[in-house]
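Participant: Have a look at this prediction, sequence included:
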Amino acid sequence: MSKERTNIDWELAARVLSGEADEIDRGLLDQWLKADEANRSEWDRVVRSWNSGEDALMASEIDTSAAWNRVKRFTIDDKAIHVRRSANHRIGIISAVAASFVILLGLAWFVLFQDTGSSSSLIVSNSTREEMVLSDGSSITLNSGSSFSCQQPFNEEERTVELNGEGYFEVEGNKEWPFVIHTQQVTIRVTGTRFNVRAYPNIDVTEVAVLEGVVEVSLLSGGDLVELQKGQTALFDKNKGQLVVRQTTDPNLLSWLTKKIRFDEMSLGHVVETLERVYEVNIQLADQELANEQLTARFSDNSLDFVLEVVCTTFNLEAQREGETILLSRAPDNQ
């Protein structure tokens, strides 16, 4: 903690409160407390909350497992929101009535609680894939680069959430309690179903694909409402302002989630698009004629390097990394 900061270093606070802090940690805390009287007041508030179990203090697993175990005991209740993280992170269980500003350390995501009496705002912004279980039992898995927000617990009229990015939804069925998703371009209304929404602000097409149940999609700008059945996809082209419904034909719709990829005589151009989505990379073809090459292959939980090796071997290509971009080009003849 530096003198310029007046907010708490939550990782350090968790180590101190759980008894995991060393002399350096305690010295840093003492320096921060002496820097400003407001820091002392804020620390006293945190200590009171910790001792009473009213607030959730969250820290990463690294060097703070004891802190995590104590936090977990304080925050389990039957209105909790469960956030399941990737293998490198622990599960976060966040009380729906917490009134404190809560930060999970690291750059992957943050949760913000605002005191509104019996409900709180959940805001998740992530750089890795996350799964959450909401107060109604519905689950949402966010793809990377996505953000999600809602009030918890939901009100009695409807379950309303907002999404920017991509998410896979499994909504608990309740015909009397609709589940409504707002994106920047469309509104999605369901009562219980499984579906995938892709609505990144920087992508021209918003996509809603139904795997089970019935989903209603309408434009925020007005117009007709379309009803999607299992196996159908709604595509909204932002540039054309058109909403169309088609049969779902993409075998890799959920490959970003399952890591199972299937290519059946698929053009290399589409192969690249799929790999970019699944592995969160940027891939360029040095020669656009390569985009017309066709690949048939199956992959399951394979690394990107393995997949690229198969692609390069199949088409006599080489892969070169240039910064954050992977360039695929013809391999030189060895004559």
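Facilitator: Happy to help now that I have it. A quick note: this is a predicted structure, and the numbers were derived from the prediction, not measured.
Participant: Quick check: phi and psi at Phe236.
Facilitator: phi -110, psi 120 (degrees, to the nearest 10).
Participant: you'd agree it is up against Leu243?
Facilitator: Yes. Here Phe236 reaches Leu243: they are 4.7 Å apart, a contact under C-beta atoms under 8 Å. In this view, the C-beta of every residue, glycine as well, is placed from N, C-alpha and C.
Participant: Overlap in contacts, those two.
Facilitator: Here Phe236 and Leu243 have 186, 217, 219 as joint contacts, going by C-beta atoms under 8 Å, 6 or more residues apart in numbering.
Participant: Which pLDDT value belongs to the second one?
Facilitator: Model confidence at Val217, given as pLDDT, is 95.
Participant: Figure out the helix or strand that it lives in.
Facilitator: strand 215-219 (DSSP states H and E).
Participant: Output that strand as CSV, restricted to C-alpha atoms.
Facilitator: Presented in CSV, the C-alpha positions along strand 215-219 are these (Å, rounded to 0.1, in the frame of the first residue of the first chain):
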residue,chain,number,x,y,z
VAL,A,215,-36.5,-18.2,-26.8
GLU,A,216,-38.0,-14.9,-27.9
VAL,A,217,-35.8,-12.3,-29.5
SER,A,218,-36.7,-8.7,-30.2
LEU,A,219,-34.8,-5.6,-31.2
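Participant: Which residues outside it are in contact with it?
Facilitator: 185-190, 193, 195, 208, 224-228, 234, 236, 243.
Participant: rerun that using 7 Å as the cut-off
Facilitator: 185-190, 193, 195, 208, 225-228, 234, 236, 243 (C-beta atoms under 7 Å, 6 or more residues apart in numbering).
Participant: List the pairing partners of it within its sheet, with orientation.
Facilitator: Counting by DSSP bridges, the strands paired with strand 215-219 are strand 186-190 (antiparallel), strand 226-228 (antiparallel).
Participant: Mind checking those strands for the one nearest to Ile140?
Facilitator: strand 186-190 (12.3 Å; C-beta to C-beta).
Participant: From Gly323, how far out is Leu275?
Facilitator: 17 Å (C-beta to C-beta, to the nearest Å).
Participant: Neighbour count: those two, which is higher?
Facilitator: Using other C-beta atoms under 10 Å, the more surrounded residue of Leu275 and Gly323 is Leu275, with 22 against 6.
Participant: Surely the more buried one and Val310 touch.
Facilitator: No. Between Leu275 and Val310 there is no contact, the gap being 11.0 Å when judged by C-beta atoms under 7 Å.
Participant: Spatially, what comes nearest to Asp319 if we skip its sequence neighbours?
Facilitator: You called it Asp, but residue 319 is Ala. Leu308 (4.9 Å; C-beta to C-beta, 6 or more residues apart in numbering).
Participant: my read is the one you found is in a helix, agree?
Facilitator: Yes. Per DSSP: H, G, I helix; E, B strand; the rest coil, Leu308 lies within a helix segment.
Participant: Would you mind measuring from it to Glu37?
Facilitator: 57 Å.
Participant: Could you check which of those two is surrounded by more residues?
Facilitator: Leu308 (20 against 9).
Participant: How confident was the prediction at the more buried one?
Facilitator: Here the pLDDT value assigned to Leu308 is 94.
Participant: okay but it is in contact with Glu318, surely?
Facilitator: No. Look at Leu308 against Glu318 with C-beta under 7 Å: they stay out of range, at 9.7 Å.
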